[in-house]
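**Student:** predicted model, plus sequence, below.
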Amino acid sequence: MRTRPDDTIDVDDLRRRIEDDRRAGLVPGCAVATAGTTNSGAIDDLPSIVRLCREQGVWAHVDGCFGGFFRITRRGREMLAGIEEADSVSVDAHKSLFLPHGTSALLVRDQATLRRAFEVPGAEYIPELGQDDARVDLCDYGPELTREIRGLGAWLPIKLHGIRAFEAELDAVLDLADELAERLRAIGDVQVMPRDTPHLPVVNFRLDGADVWTERLCELVCSRGHVHVSTSRLPDAGTVVRACVLQPQTDRAVIDRFLADVTWSIDRINEERGRT
Ligand SMILES: Cc1ncc(COP(=O)(O)O)c(C=O)c1O
């Protein structure tokens, strides 16, 4: 799939591919848009993709594992407009609600579709709960018959702290990412990848010159032992250092330390490059 320079799906290309598949005798079943990509935090054009899927009779899924819960913030609601029209959305409370691993959920618009796929009618040993829609037997809606009560791990913290506490934390990481991008731009030799279209709190940046120097920057910053960042690759930029600000313990002091480590590392690299 072709992506645009802002790392989002090129919707015209998606349309062409669906039509090409159909001409080739294939049956396009599902298109997956991403609400916050892992690599750059980019948000696909959700309204256009959902509209295209409707036109084409294709299931529209949104991967909101990283970004879905930002919808509890005002900015998130603006950035993720259109997500509510999707046929299904996956969300990970273990990412953007900071909860224990394994607290994922799949939200599906039309319950009956899931039921048609997963219900095993007439299994003698499973008593029917009846036709009351409020009494859901989850085994009719997914592949698992016996399961843990995973929802409790998300329900309880929300009940205890209130959803506004999570909203405040998500707002804080959005602010910190913007601040980080701005302060990185002020450092010589650093190129920050554009974030002018809506982005979740990922800040990608690289050093001028060959990729090897950006890899070295990541290695040196991590070697300080304060902050862990990784490298990634973007189609146009090549190797970048990927700073994902999504942890309630990441506050301004951590950002200050990170920036100090970046500056320290660039000084070392400039010595290695022989430019002091
Ligand atoms: C956008 C997105 N979708 C899905 C996943 C898969 O995550 P998990 O296996 O924790 O559900 C990730 C992981 O980083 C992600 O960023």
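**Tutor:** Structure received. Numbers count the residues shown, from 1 in each chain.

**Student:** what ranges do the strands span in the stretch 101-250 of the chain?
**Tutor:** 104-108, 190-192, 202-207, 230-234, 238-244 (DSSP state E, counting those that start in this stretch).

**Student:** mind checking which of the ones you listed is nearest the ligand?
**Tutor:** The ligand lies closest, by Cβ to the nearest ligand atom, to one member of the strands of the stretch 101-250 of the chain: strand 104-108, at 5.0 Å. C-betas here are computed from N, CA, C, even on glycine.

**Student:** show me what the closest one is packed against.
**Tutor:** Applying 3 or more Cβ pairs under 8 Å, 6 or more residues apart in numbering; DSSP states H and E, one finds that strand 104-108 contacts strand 88-92, helix 93-96.

**Student:** in CSV: those, plus mean pLDDT and mean neighbour count.
**Tutor:** Shown next, in CSV, are these (pLDDT from 0 to 100; neighbours: other Cβ atoms under 10 Å):
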stretch, mean pLDDT, mean neighbour count
strand 88-92, 97, 21
helix 93-96, 95, 22
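
**Student:** so where's the chain shaky on pLDDT?
**Tutor:** Residue ranges of the chain with pLDDT under 70: 130-133, 275-276.

**Student:** what does it put close to the ligand?
**Tutor:** Neighbours of the ligand within the chain, by Cβ under 6 Å from any ligand atom: 34, 36, 37, 38, 63, 65, 66, 92, 104.

**Student:** could I get the contacting residues of the second one?
**Tutor:** Yep, that's residue 36 we're talking about. 42, 43, 64, 65, 66, 67, 68, 70, 200 (Cβ atoms under 8 Å, 6 or more residues apart in numbering).

**Student:** how many residues are close by the residue nearest to it when sequence neighbours are not counted?
**Tutor:** Of all residues not flanking residue 36 in the chain, residue 67 sits nearest, at 2.5 Å (Cβ to Cβ, 6 or more residues apart in numbering). Around residue 67 sit 28 other residues, with neighbours defined as other Cβ atoms under 10 Å.

**Student:** per the record, what domains does the chain have?
**Tutor:** Using automatic domain parsing, the domains assigned to the chain come out as 11-161, 164-272.

**Student:** so who does the spatially most central residue of the chain touch?
**Tutor:** Note on the chain: the residue nearest the mean C-alpha position is residue 66, at 2.8 Å, using Cα atoms, centre = their mean. Counting by Cβ under 8 Å, 6+ apart, residue 66 touches 35, 36, 37, 38, 41, 92, 95, 96, 200, 246.

**Student:** give me that answer again for 7 Å
**Tutor:** Residues near residue 66 by Cβ atoms under 7 Å, 6 or more residues apart in numbering: 36, 38, 95, 96, 200.

**Student:** surely the last one meets residue 42?
**Tutor:** Spelled out, it's residue 200. No: Residue 200 is not in contact with residue 42 according to Cβ atoms under 7 Å; the separation is 8.1 Å.

**Student:** between these two, who's got more neighbours?
**Tutor:** Between residue 200 and residue 42, residue 200 has the larger neighbour count (other Cβ under 10 Å), namely 28 against 25.

**Student:** OK, contacts around that one?
**Tutor:** Here residue 200 is in contact with 36, 41, 66, 67, 70 (Cβ under 7 Å, 6+ apart).

**Student:** now, the most widely separated pair of those residues?
**Tutor:** Pairwise distances across the contacts of residue 200 peak at 9.9 Å for 41 and 70 (criterion: Cβ to Cβ).

**Student:** and residue 250, how many neighbours?
**Tutor:** What residue 250 shows, counting by other Cβ under 10 Å, is a neighbour count of 21.

**Student:** which stretches in the stretch 151-276 of the chain count as helices?
**Tutor:** Here the stretch 151-276 of the chain has its helices, by DSSP state H, counting those that start in this stretch, at 152-161, 163-185, 211-223, 252-272.

**Student:** okay, those helices in TSV with mean neighbour count and distance to residue 59 next?
**Tutor:** Below are the helices of the stretch 151-276 of the chain laid out as TSV (neighbours: other Cβ atoms under 10 Å; distance: least, Cβ to Cβ, whole Å):
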stretch	mean neighbour count	distance to residue 59
helix 152-161	14	25
helix 163-185	17	28
helix 211-223	18	38
helix 252-272	16	40
